[in-house]
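Engineer: Here's a sequence, model it:
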Amino acid sequence: MFKKEKKESEGINYRKLNELIKLSSKFMKLIYTLAILSLIFIGIHLLKELHILNTIREIISVLSAFFFGIILAWLLDPIVSLLQKKGVKRGIGVTFVYVILISIMILIGNLIIPAMGSQIKEMITAAPDTINNLTEWINHIINTISRTYNLDSGIVKKNIYDALSGFFYSFTVDGPTTIIRVSKSILSGGLTFIVGLLIGFYMLIDFDGVKKQLAKIVPKKHRKDMDRLTTMLNQTLRNYVYGTLMVMFILFICQSIGMRIAGMKAPMVFGLFCAITNIIPYLGPYIGGIPSVLIAFTISPSVGIGVLISVLICQGLESYLLTPTIMSKTMKLHPVTIIIGLLLFGHFFGIIGMLFATPIIACCKIIANFFIEKYELFKEDEEEIELEEVNIEQ
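Structural biologist: Got it, this is the predicted structure:
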């Protein structure tokens with residue numbers, strides 16, 4: 001590194017030179033992060049080309065109840081462990097937590113499901129009028145643009161009308177088939193949910209034993225490192241899941257109330273859609289908000305403006321109050337890294353991939369940082385830079 005000595009020329013700005021070196025070190029870390037993302041991309045692409053990805057999906061689908069049980073036990077273990085530390089036997093603590101959980105689910109189901117069902121029925125009934133209003137609204141916009149710029153709008157209108165007609169035709173013709181398919185999915189999902197609850201219950205009773213059995217797979221000399229790594233991953237992922245669920249619930253309530261006041265049809269349906277898509281960082285509010293606002297404008301301009309105001313207020317509440325307060329900096333990821341990850345997982349897995357992109361990338365970062373710290377990568381450069389800054393100040 002560069003030190004300021006008396007014999008050297010006084011024209012060299014050593015502070016700026018060392019700042020440049022420090023910037024280069026940060027740039028190398030960025031390259032390292034991009035390299036990890038590139039490896040993830042290549043790995044997923046190879047899995048897809050070798051048809052291994054489809055096999056993994058089928059395995060997850062078949063064992064979905066088992067995975068759900070593991071996740072549920074993992075999420076509830078801190079609560080049960082806390083009760084155990086207070087002197088409550090683990091079996092009694094698990095039963096108590098399950099009774100509370102099922103009671104909350106039944107209460108929410110009785111409050112929300114009937115209202116959601118009636119609103120979905122109302123939305124399906126109003127679908128033809130909505131499509132007609134949307135057609136008239138698009139027609140008005142096209143005519144306005146045509147008059148302003150003296151353009152021929154015939155072809156554009158024909159393409160739009162054909163698309164709307166095709167959508168409406170498929171909506172009416174394929175409607176019964178879609179309802180049957182959705183009903184089967186609901187029944188299958190309900191069965192998976194019940195079996196998952198049972199698996200989670202039994203796993204939660206002996207969760208420590210399960211962890212010890214899994215730890216035996218790791219060689220003894222690596223168990224301390226593995227325990228430290230899994231502790232960091234557990235803390236990060238649990239904070240993310242708890243925070244995300246809380247933000248989703250609050251946003252769902254706020255969006256539903258706001259859209260109801262604005263006069264939106266099926267406000268709870270669109271409120272739930274906005275809450276779920278909000279999990280996707282940066283892009284989620286637009287994915288959930290734009291369709292809701294467009295459909296609201298087909299009802300009337302006043303409803304459209306009201307829904308737009310509701311979406312803006314709720315997203316402002318989420319961005320500036322809920323997320324900073326509840327989520328804090330749980331993921332600790334650079335925005336560029338998150339956006340690249342969203343594009344990557346969205347390309348291969350669609351919107352489902354975008355939902356899980358952030359926690360997966362956060363886990364990859366934790367693992368990478370663990371090995372960087374363990375093997376002291378980049379440490380020498382940072383120490384030299386810090387030492388050089390002290391020399392310059394002296």
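Engineer: Helices of the stretch 101-250 of the chain, residue ranges please.
Structural biologist: Assigned by DSSP state H, counting those that start in this stretch, the helices in the stretch 101-250 of the chain fall at 127-149, 154-173, 175-205, 207-215, 223-262.
Engineer: and of those helices, who's closest to Ile113?
Structural biologist: helix 175-205 (11.0 Å; Cβ to Cβ). All C-beta spots, glycine's among them, are computed from the backbone N, C-alpha and C.
Engineer: Helix 207-215 and that closest one, what's the angle between them?
Structural biologist: For helix 175-205 against helix 207-215, the angle by axes from the mean of the first three to the mean of the last three Cα atoms, to 10 degrees is 90 degrees.
Engineer: what's the closest of the helices of the stretch 101-250 of the chain to Val94?
Structural biologist: Of all the helices of the stretch 101-250 of the chain, helix 175-205 comes closest under Cβ to Cβ, at 4.9 Å.
Engineer: Who are the packing partners of the closest one?
Structural biologist: Packing partners of helix 175-205 (3 or more Cβ pairs under 8 Å, 6 or more residues apart in numbering; DSSP states H and E): helix 64-85, helix 90-125.
Engineer: Can you check which of those helices gets nearest to Ile366?
Structural biologist: Nearest of those (Cβ to Cβ): helix 64-85, 16.3 Å.
Engineer: got a list of contacts for the closest one?
Structural biologist: Under the contact criterion Cβ atoms under 8 Å, 6 or more residues apart in numbering, helix 64-85 has outside partners 60, 90, 93-94, 96-97, 101, 191-193, 195-200, 203-204, 207, 234, 238, 241-242.
Engineer: circling back: with respect to burial, which of the helices and strands packed on helix 175-205 scores highest?
Structural biologist: helix 64-85 (a mean of 17; mean count of other Cβ atoms under 10 Å).
Engineer: now the helices and strands packed on helix 175-205 as CSV including mean pLDDT and distance to Ile186?
Structural biologist: Formatted as CSV, these follow (pLDDT from 0 to 100; distance: least, Cβ to Cβ, whole Å):
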stretch, mean pLDDT, distance to Ile186
helix 64-85, 89, 14
helix 90-125, 82, 11
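Engineer: of all these, which lies closest to Phe371?
Structural biologist: Across the helices and strands packed on helix 175-205, Phe371 has its closest neighbour in helix 64-85 (23.6 Å, Cβ to Cβ).
Engineer: from what I can see Met268 touches Ile113, true?
Structural biologist: No: the pair Met268 / Ile113 is not scored as a contact, 10.1 Å apart, by Cβ atoms under 8 Å.
Engineer: Distance from the helix or strand containing Arg57 to the middle of the chain?
Structural biologist: Here Arg57, judged by DSSP states H and E, is contained in helix 52-62. Helix 52-62 has its C-alpha centroid displaced from the chain centroid by 21 Å (Cα atoms, centre = their mean, to the nearest Å).
Engineer: Stretch 354-374 now?
Structural biologist: Centroid separation for stretch 354-374 versus its chain: 15 Å, with Cα atoms, centre = their mean.
Engineer: buried set for that stretch?
Structural biologist: Buried residues in stretch 354-374, counted by 16 or more other Cβ atoms under 10 Å: 354-355, 357-359, 361-366.
Engineer: Pick the one among those residues closest to Ser118.
Structural biologist: Taking Cβ to Cβ as the measure, Ser118 lies nearest Leu355 of the buried residues of stretch 354-374, at 27.7 Å.
Engineer: show me what contacts Ala215?
Structural biologist: Per Cβ under 8 Å, 6+ apart, neighbours of Ala215: 223, 226-227.
Engineer: From those residues, pick the one nearest Ile52.
Structural biologist: Closest to Ile52, out of all of the contacts of Ala215 and judged by Cβ to Cβ, is Met226, at 25.7 Å.
Engineer: Measure how buried the closest one is and give me the count.
Structural biologist: Residues near Met226, counting by other Cβ atoms under 10 Å, number 14.
Engineer: Okay, it and Lys216: tell me how far apart.
Structural biologist: Applying Cβ to Cβ, to the nearest Å, the value for Met226 to Lys216 is 11 Å.
Engineer: now do Met264
Structural biologist: Using Cβ to Cβ, Met264 is found at 55 Å from Lys216.
Engineer: Neighbour count: these two, which is higher?
Structural biologist: Met264 (26 against 9).
Engineer: Quick one: residues in contact with the helix holding Arg57.
Structural biologist: Under Cβ under 8 Å, 6+ apart, the answer for helix 52-62 is 44, 46-47, 67, 348.
Engineer: hmm, which two among those are most spread apart?
Structural biologist: Leu46 and Phe67, at 23.4 Å, using Cβ to Cβ across those.
Engineer: now, among the contacts of helix 52-62, which is nearest to Trp137?
Structural biologist: The closest of these to Trp137 turns out to be Phe348 (Cβ to Cβ; 35.4 Å).
Engineer: and that closest one, how many neighbours does it have?
Structural biologist: 13.
Engineer: Which elements pack onto whichever helix or strand it is part of?
Structural biologist: Assigned by DSSP H and E, Phe348 belongs to helix 335-374. Here helix 335-374 touches helix 14-49, helix 223-262, going by 3+ Cβ pairs under 8 Å, 6+ apart.
Engineer: quick one, the shortest one and helix 335-374 angle?
Structural biologist: Note on geometry: by the same axes, to 10 degrees, helix 14-49 and helix 335-374 are set 100 degrees apart in direction.
Engineer: Comparing the helices of the stretch 101-250 of the chain by mean pLDDT, which bottoms out?
Structural biologist: Lowest mean pLDDT within those: helix 154-173, at a mean of 62.
Engineer: how about Ser300, what does it touch?
Structural biologist: Gly263 are the contacts of Ser300 under Cβ under 8 Å, 6+ apart.
Engineer: can you give me phi and psi for it?
Structural biologist: phi -170, psi 160 (degrees, to the nearest 10).
Engineer: how much space between it and Val247?
Structural biologist: According to Cβ to Cβ, Ser300 stands 31 Å off from Val247.
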